[in-house]
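A.B. asks: Sequence first, predicted model second:
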Amino acid sequence: MPFIDEATITVRAGDGGRGCVSFRREKYVPRGGPDGGNAGNGGSVILRVSPNLSTLLDFRYRKIFKAKRGQHGMGKNMHGRNAPDLVIPVPPGTTVTDGKTGELLADLTREDDQFLAAAGGRGGRGNASFATSTNQAPDTAQPGIPGEERTLVLTLKLIAQIGLVGLPNAGKSTLLSRISRARPKIADYPFTTLSPVLGVVSHNDEEFVVADLPGLIEGAHRGAGLGHRFLKHAERTEGLVHVLDAARPADEIARACRVVRQEMGKFLPELAARPTLLVFNKMDLPGAREAAERARAELNFPERDAYYISAATGQGIRELLNGLVALRRRPPYEL
Ligand SMILES: Nc1nc2c(ncn2[C@@H]2O[C@H](COP(=O)(O)OP(=O)(O)OP(=O)(O)O)[C@@H](O)[C@H]2O)c(=O)[nH]1
Ligand SMILES: [Mg+2]
């Protein structure tokens with residue numbers, strides 16, 4: 001299923017119905033009093049969070065959303081019905097900006113958060129409501145007010161407490177499948193993961209969401225800049241896990257770490273302040289331990305935030321989970 005995290009839509013609320021001009025007609029009363037009823041209000045368009053959604057994919061197929069018009073007023077003082085609101089479900093983490101001005105209108109994160117995207121027009125009053133002592137037979141009624149219309153840009157920033165970052169092939173997806181029930185694709189080539197995957201992790205009575213983000217560095221086969229567009233999904237995290245492939249030589253591991261941090265800094269500088277654990281993966285392979293420790297020393301990264309694991313065998317995972325729970329309580333780094 002493709003992952004879509006941006007969409008432009010047009011929302012159009014329903015117009016108010018027309019008020020009615022009508023006069024009572026009874027036997028023997030040729031022209032009775034006014035009895036034109038009021039009209040119903042047009043339906044509004046509302047965006048509401050639905051926890052079951054995780055992408056904006058639906059908006060690729062449907063971009064225009066119109067609520068219905070209110071019912072016109074009728075004779076015999078019958079009021080028109082209000083049109084129902086049109087509720088559009090969006091995934092948690094959807095921000096709404098005005099398509100024209102770029103103004104941020106809403107950030108919908110929690111279940112049932114909602115945003116009035118376009119207000120329905122009020123229905124017009126019927127002529128019965130205009131009757132006064134001096135004008136007992138008014139022949140005017142109000143037209144309905146038109147419903148609002150606007151263009152909105154929806155942007156999804158996934159909600160995860162922990163983000164997995166690193167070069168392609170480091171083992172991020174293997175790690176996520178080890179600590180959660182998520183089953184991202186795993187393969188022995190770079191850029192296996194093409195869009196973010198979320199997994200729920202439970203540990204020591206705590207539950208949190210971990211996002212497996214696609215490998216950061218561009219491969220020649222992908223358009224420039226594409227890999228970084230997923231970085232925004234790390235924006236709401238409390239902490240990062242930087243996964244390194246410890247099956248590589250020490251100097252390569254250290255370089256990989258610097259490159260990834262640099263890339264993150266370029267595209268989302270505030271990520272530099274996110275508390276981070278360095279995770280040396282593939283400890284089951286020969287030579288990994290020495291390479292990892294040398295790389296850690298070369299990077300001058302604090303030992304207490306370095307973890308040595310094998311996502312493949314499960315070695316070191318329990319300690320890492322303890323580390324993640326603690327990481328979530330830390331304040332951001334001072335920059
Ligand atoms: N020996 C060993 N191999 C591992 C370990 N973790 C992952 N691998 C292998 O490394 C390769 C890449 O793993 P992935 O989990 O797909 O890596 P990724 O970081 O998600 O890669 P991208 O999605 O391309 O960014 C796969 O062949 C995995 O089987 C490990 O702990 N030990
Ligand atoms: Mg992957």
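C.D. replies: Looks like it arrived, so ask away. Keep in mind that what you see is a predicted model, and the values were worked out from it rather than measured. Ligands and ions are numbered 1, 2, ... in the order given.
A.B. asks: Determine the number of other residues adjacent to Arg110.
C.D. replies: 10 (other C-beta atoms under 10 Å). From N, CA and C alone the C-beta is placed, and that goes for glycine too.
A.B. asks: Can you tell me the SS state at it?
C.D. replies: What DSSP: H, G, I helix; E, B strand; the rest coil gives for Arg110 is coil.
A.B. asks: Tell me if I'm right that it and Pro91 touch.
C.D. replies: No: Arg110 lies out of contact with Pro91 (C-beta atoms under 8 Å); the separation is 11.9 Å.
A.B. asks: which residues are in contact with both of those two?
C.D. replies: Listed contacts common to Arg110 and Pro91 are Val49; contacts here mean C-beta atoms under 8 Å, 6 or more residues apart in numbering.
A.B. asks: from the middle of its chain, how far away would stretch 121-130 be?
C.D. replies: The chain centroid and the centroid of stretch 121-130 are separated by 40 Å under C-alpha atoms, centre = their mean, to the nearest Å.
A.B. asks: Actually, stretch 254-265.
C.D. replies: Here the centre of stretch 254-265 is set off from its chain's centre by 27 Å, with C-alpha atoms, centre = their mean.
A.B. asks: Report the buried residues of that stretch.
C.D. replies: Ala254, Arg255, Ala256, Cys257, Val260, Arg261, Glu263, Met264 (16 or more other C-beta atoms under 10 Å).
A.B. asks: can these go into JSON lines with extra columns for secondary structure?
C.D. replies: Output for the buried residues of stretch 254-265, formatted as JSON lines (three-state DSSP):
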{"residue": "Ala254", "secondary structure": "helix"}
{"residue": "Arg255", "secondary structure": "helix"}
{"residue": "Ala256", "secondary structure": "helix"}
{"residue": "Cys257", "secondary structure": "helix"}
{"residue": "Val260", "secondary structure": "helix"}
{"residue": "Arg261", "secondary structure": "helix"}
{"residue": "Glu263", "secondary structure": "helix"}
{"residue": "Met264", "secondary structure": "helix"}
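A.B. asks: Of those residues, which is the nearest to Lys27?
C.D. replies: Nearest to Lys27 among these, counting by C-beta to C-beta, is Met264 at 83.5 Å.
A.B. asks: For the closest residue to that closest one other than its chain neighbours, which residues are in contact?
C.D. replies: Residue nearest to Met264 in three dimensions, not counting chain neighbours: Leu271, with 4.7 Å by C-beta to C-beta, 6 or more residues apart in numbering. Going by C-beta under 8 Å, 6+ apart, Leu271 touches Leu231, Ala234, Glu235, Leu240, Met264, Gly265.
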